[in-house]
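*Asks:* Have a look at this prediction, sequence included:
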Amino acid sequence: MLLHIPPALHHRKFRLLWIGLAISIAGSQMQVWALLWHIRTLTDQPIALGGIGLARIVPIIAFSLVGGAVADTLNRRLVLFITQSAMALTALALAWLTFQGRIELWHIYALTAIQAVAIAFDLPARQALVPNLVPGRDLPSAFSLQSIAFQTGSILGPALSGLVIAYWGQPYTYLINAISFLAVILALVAIGPVPQKVQAGERAEISLRSITEGVRFILAQPIILSSMLLDFFATFFSSANTLMPIFARDILGVGAVEYGWLSAAQSIGAVIAALVISQIDEIRRQGPIFLASVVAFGLATIAFGLSRTVLLAMLALVLVGASDSVSTIIRNTIRQLQTPDHIRGRMTSINQVFFLGGPQLGEVEAGTVAQIFGAPFAIVSGGVGCILAVVWIARRWPQLLHYNGDESVRAGAVAD
């Protein structure tokens with residue numbers, strides 16, 4: 001099968017945003033993995049690595065619902081200008097403190113929390129903006145391309161973090177990330193105005209009523225609600241990323257460069273899976289594929305926890321990333337197509353609590369279990385928990401098992 005240009009890239013505004021995000025994500029992923037290595041350098045306590053997840057998720061839980069209302073009320077492009085600039089400044093602060101040799105654990109936690117506040121507003125605006133840039137029929141293509149951008153950045157970022165730490169030093173990982181945010185900011189300038197819909201007969205507002213409307217919408221949509229819950233439990237139990245420095249150093253006995261490649265392995269698998277999906281014009285039986293991909297995610301996590309060589313660990317992580325990429329693309333497509341444009345920001349903000357809350361709280365859980373029973377047990381037991389979550393969700397919401405992908409599709413408005 002010959003590769004062709006994915007449909008979403010034919011839309012100029014989406015193409016510009018996608019290129020900017022691809023560059024910025026590489027810098028952000030470099031910082032994510034560099035932070036974990038930095039914490040492991042400052043302390044050998046696994047619970048300290050779990051603390052980074054807590055620093056990320058508390059602000060997201062506190063501000064996500066407000067962020068969704070902001071994305072549905074204010075100009076989404078303007079919101080992204082502000083959030084991307086804020087994240088660039090926090091990265092600069094991390095770089096400055098590290099260059100000065102004054103950084104401590106509480107600095108890392110505090111700046112991570114500030115950045116998480118920006119993410120709470122950034123992600124709803126960014127995800128809700130995509131259906132304004134491409135027609136509904138091209139959304140699977142757009143989300144597969146977003147996955148490719150994220151996962152490619154997740155390959156380059158961790159790999160570069162190991163090299164930069166080894167040859168330049170820890171602070172340069174943060175400095176490079178700060179510079180990378182300019183790519184998104186420049187893309188937003190080039191895109192120009194992007195129209196977005198407002199509910200007919202209603203005045204857009206940021207209020208408790210508008211936030212409650214978003215919650216009621218989710219509760220009334222079993223397909224969306226079940227996919228969110230499965231997303232949460234799967235990533236809560238199978239969140240092995242935070243233990244990667246311990247697994248690399250203490251179980252596999254490797255250094256920073258190998259750690260970087262291990263950290264990138266999931267994204268290698270994810271890019272391969274996303275490339276395959278980007279070439280498919282139409283995906284059917286989305287529910288069964290989604291559930292099967294999460295089961296595969298749990299099984300691959302178990303395999304990683306049992307690995308004792310770098311090669312086997314990398315192969316398992318490639319499978320983790322591929323299965324996660326499939327589930328991510330399908331669940332994002334389901335949610336965006338099943339949600340009207342005027343409420344997409346609020347839907348995404350609620351979803352953000354689930355899909356970011358799962359892995360971040362999972363980091364706390366993984367760090368705690370690893371502190372008591374060791375890192376391999378924490379990873380293997382998490383994979384088992386992920387599979388059990390699939391069984392429960394499929395039994396509780398059989399609609400998801402039978403979801404095909406063409407039910408009650410609501411396409412958003414497009415401005416190209």
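*Replies:* Received the coordinates, thanks.

*Asks:* alpha carbons only for contacts and neighbour counts from here, please
*Replies:* OK.

*Asks:* For Asp122, see how far away the nearest residue to Ile25 once chain neighbours are set aside is.
*Replies:* Distances taken as C-alpha to C-alpha, 6 or more residues apart in numbering place Gly153 nearest to Ile25, at 5.1 Å, with adjacent residues excluded. Separation of Gly153 from Asp122 (C-alpha to C-alpha, to the nearest Å): 18 Å.

*Asks:* which stretches of the protein aren't confidently modelled?
*Replies:* Along the chain, segments meeting pLDDT under 70 span 1-3, 50, 136, 196-207, 238-241, 278-283, 341, 355-357, 360, 405-416.

*Asks:* The residue nearest to Ile25 - how many residues pack around it?
*Replies:* Using other C-alpha atoms under 10 Å, Gly153 has 26 other residues around it.

*Asks:* That one against Val32, yeah?
*Replies:* No. Using C-alpha atoms under 8 Å, Gly153 is not in contact with Val32; the gap is 11.4 Å.

*Asks:* picking that back up, point me to the helix or strand that includes the residue nearest to Ile25.
*Replies:* Assigned by DSSP states H and E, Gly153 belongs to helix 139-167.

*Asks:* Show me which residues of that helix are buried.
*Replies:* Going by neighbour count (16 or more other C-alpha atoms under 10 Å), the buried part of helix 139-167 is 139-165.

*Asks:* need the contact list for the closest residue to Gly157 other than its chain neighbours.
*Replies:* Excluding its sequence neighbours, the residue lying closest to Gly157 (C-alpha to C-alpha, 6+ apart) is Met30, at 3.9 Å. Going by C-alpha atoms under 8 Å, 6 or more residues apart in numbering, Met30 touches 154, 156-161, 173-174, 177.

*Asks:* how much space between Val79 and Asp122?
*Replies:* 7 Å.

*Asks:* Compare those two and say which is more crowded by neighbours.
*Replies:* Set side by side, Val79 and Asp122 show more neighbours around Asp122, with 26 against 20, by other C-alpha under 10 Å.

*Asks:* And for Asp250, the neighbour number?
*Replies:* 12.

*Asks:* how many neighbours does Val194 have?
*Replies:* Here the number of neighbours of Val194 (other C-alpha under 10 Å) works out to 16.

*Asks:* which SS class is it?
*Replies:* coil (DSSP: H, G, I helix; E, B strand; the rest coil).

*Asks:* Kindly report the same for Asn404.
*Replies:* With three-state DSSP as the criterion, Asn404 reads coil.

*Asks:* OK, contacts around it?
*Replies:* 284-287.

*Asks:* Surely Thr309 and Val254 touch.
*Replies:* No. Here Thr309 lies out of contact with Val254, judged by C-alpha under 8 Å, at a distance of 10.0 Å.

*Asks:* how about Leu42, what does it touch?
*Replies:* Residues near Leu42 by C-alpha under 8 Å, 6+ apart: 104-105.

*Asks:* separation between it and Arg102?
*Replies:* Distance from Leu42 to Arg102, by C-alpha to C-alpha: 12 Å.

*Asks:* Select from the contacts of Asn404 the one having the most neighbours.
*Replies:* The most crowded member of the contacts of Asn404, judged by other C-alpha under 10 Å, is Gly287 (24 neighbours).

*Asks:* Show me the contact partners of the helix or strand that that one is a member of.
*Replies:* Assessed by DSSP H and E, Gly287 sits inside helix 286-306. For helix 286-306, contacts defined as C-alpha under 8 Å, 6+ apart pick out 234, 238, 240, 312-314, 316-317, 319-321, 323-324, 326-327, 330-331, 375-387, 390, 394, 400-405.

*Asks:* immediately after that helix, which helix or strand?
*Replies:* That would be, after helix 286-306 and using DSSP H and E, helix 310-337.

*Asks:* Next secondary structure after that next one?
*Replies:* With DSSP H and E, the next secondary element past helix 310-337 is helix 344-373.

*Asks:* elements contacting that following helix?
*Replies:* Applying 3 or more C-alpha pairs under 8 Å, 6 or more residues apart in numbering; DSSP states H and E, we find helix 344-373 packed against helix 46-73, helix 105-129, helix 208-219, helix 222-237, helix 375-396.
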